[in-house]
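Undergrad: Any chance you could fold what I've pasted below:
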Amino acid sequence: MKKTIIKISSLIVAGVILTTSCSKTGPAGAAGSAGGTGATGPVLTGTVVGYVNLFDQYGELLPASAAGEVYLTSNTKPGWKDSTYVNSSGANTYSTTLTTGTYQFNLATKTGGFGNLQINSLNVVGGGTQYNTTPLQMAQIPTFSVSALTVTTSTSTTNPSVAASFTVSGGDIAKGKKAILFFGNSSSVSSNPSTYLGSTVITLSPTFSTSTTNISCETVLFPAGADSSSVIYFTAYPISYSNGASSYIDVTTGKTIYNNLGTQLSGTYSVTIP
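TA: Predicted coordinates:
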């Protein structure tokens, strides 16, 4: 499929330079006694250029028109809102003026059913063109479902693990799909970072509707904080094939927030870790 890239450009106000002045008796040290309380320098204007890729639930790139518009808001600039518009070349562009600083941006689409995306920290420099060469990625929320989850412990003494099986329903049977299993210490485990210890993504090949996978204790469960002989709870969700799209790190917990998930499996299932 021909790759579609959406160009994003924005005007940024940047660059506050603090000058230091000091007045004291005796020899001046390396820094004046006034510290950073001097007059401010000139305000610079710059341009930020970046890209956004749109994916459907099966991981295929989509044209700009699939999103209609991409709205941007910022918790660090209350009341500000900008949006991109599809033009004749198929590119979404936007421009806005901001002052120097570090910004958090939130992206949402007008149409297409894409999961929201958050940029935790964008540092604005100004005075020229700033290129963000790593594309932002947004994915459509899956419409298929996950059911019939079972979890059991393996009998292997050399590679202890948990065997998980589930069924996927709906969607295009000819397309590959993915599901994500979250595990935690309580039956309230979910995709909320405060409730899960870790997760693992499982891929289903085209035409397959069921999957069984072994989740290694040594490489997956134990590093996430699960203990041998402890009870661990599992739950499952459909996840878009581009599972890194529409997801970002929660700065409070250091875990991932996934905004590219379908409906959660009903209930949780537990097993004692070998």
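Undergrad: how near is Ile180 to Ile249?
TA: According to C-beta to C-beta, to the nearest Å, Ile180 stands 16 Å off from Ile249. Yep, even glycine has a C-beta here, placed from its N, CA and C like the rest.
Undergrad: More neighbours: the two, which one.
TA: Ile180 (22 against 13; other C-beta atoms under 10 Å).
Undergrad: That one: what's it in contact with?
TA: 191, 199-202, 236-237, 239, 243, 258, 261 (C-beta atoms under 8 Å, 6 or more residues apart in numbering).
Undergrad: Quick check: it vs Pro274, distance?
TA: 23 Å.
Undergrad: returning to that earlier point: let's see which of the contacts of Ile180 end up in strands.
TA: Taking DSSP state E as the definition of strands, the contacts of Ile180 contribute 199-202, 236-237, 239, 258.
Undergrad: Near Thr167, how many other residues are there?
TA: When neighbours are counted by other C-beta under 10 Å, Thr167 comes out with 15.
Undergrad: Give me the below-cutoff pLDDT ranges for the stretch 101-250 of the chain.
TA: Within the stretch 101-250 of the chain, not a single segment meets pLDDT under 70.
Undergrad: repeat that with 90
TA: For the stretch 101-250 of the chain, the stretches flagged by pLDDT under 90 are 101-111, 119, 121-136, 154-159.
Undergrad: Which residue ranges of it form strands?
TA: Secondary structure of the stretch 101-250 of the chain by DSSP state E, counting those that start in this stretch: the strands cover 101-109, 117-124, 129-131, 136-139, 145-153, 161-169, 177-184, 198-204, 210-216, 231-239, 247-249.
Undergrad: quick one: which of the ones you listed is nearest Pro78?
TA: Proximity to Pro78, assessed across the strands of the stretch 101-250 of the chain by C-beta to C-beta, is greatest for strand 101-109 (11.6 Å).
Undergrad: now the closest one against strand 117-124, angle please.
TA: Interaxial angle, strand 101-109 versus strand 117-124 (axes from the mean of the first three to the mean of the last three C-alpha atoms, to 10 degrees): 150 degrees.
Undergrad: Run the chain-centre distance for strand 101-109.
TA: 12 Å (C-alpha atoms, centre = their mean, to the nearest Å).
Undergrad: Name the surrounding residues that touch that strand.
TA: Contacts of strand 101-109 (C-beta under 8 Å, 6+ apart): 52, 67-77, 114, 116-124, 136, 138.
Undergrad: Who does it pair with, and is each partner parallel or antiparallel?
TA: Next to strand 101-109 in the sheet, as set by DSSP bridges, lie strand 70-73 (antiparallel), strand 117-124 (antiparallel).
Undergrad: Please work out which of these is packed deepest.
TA: Mean neighbour count (mean count of other C-beta atoms under 10 Å) peaks for strand 70-73 among the strands paired with strand 101-109, with a mean of 20.
Undergrad: Do I have it right that Asn132 meets Val49?
TA: Yes: between Asn132 and Val49 there is a contact at 7.0 Å, judged by C-beta atoms under 8 Å.
Undergrad: Tell me the spacing between the closest residue to Val220 other than its chain neighbours and Thr219.
TA: Sequence neighbours aside, Thr200 is the residue nearest to Val220 in space, at 5.7 Å (criterion: C-beta to C-beta, 6 or more residues apart in numbering). Using C-beta to C-beta, Thr200 is found at 10 Å from Thr219.
Undergrad: higher neighbour count, those two?
TA: Set Thr200 next to Thr219 and count neighbours by other C-beta under 10 Å: Thr200 wins out with 19 against 12.
Undergrad: What's opposite the more buried one in the beta bridge?
TA: Per DSSP bridges, the residues bridged to Thr200 are Leu181.
Undergrad: again, but for Ala236
TA: Beta-bridge partners, per DSSP bridges, of Ala236: Leu181.
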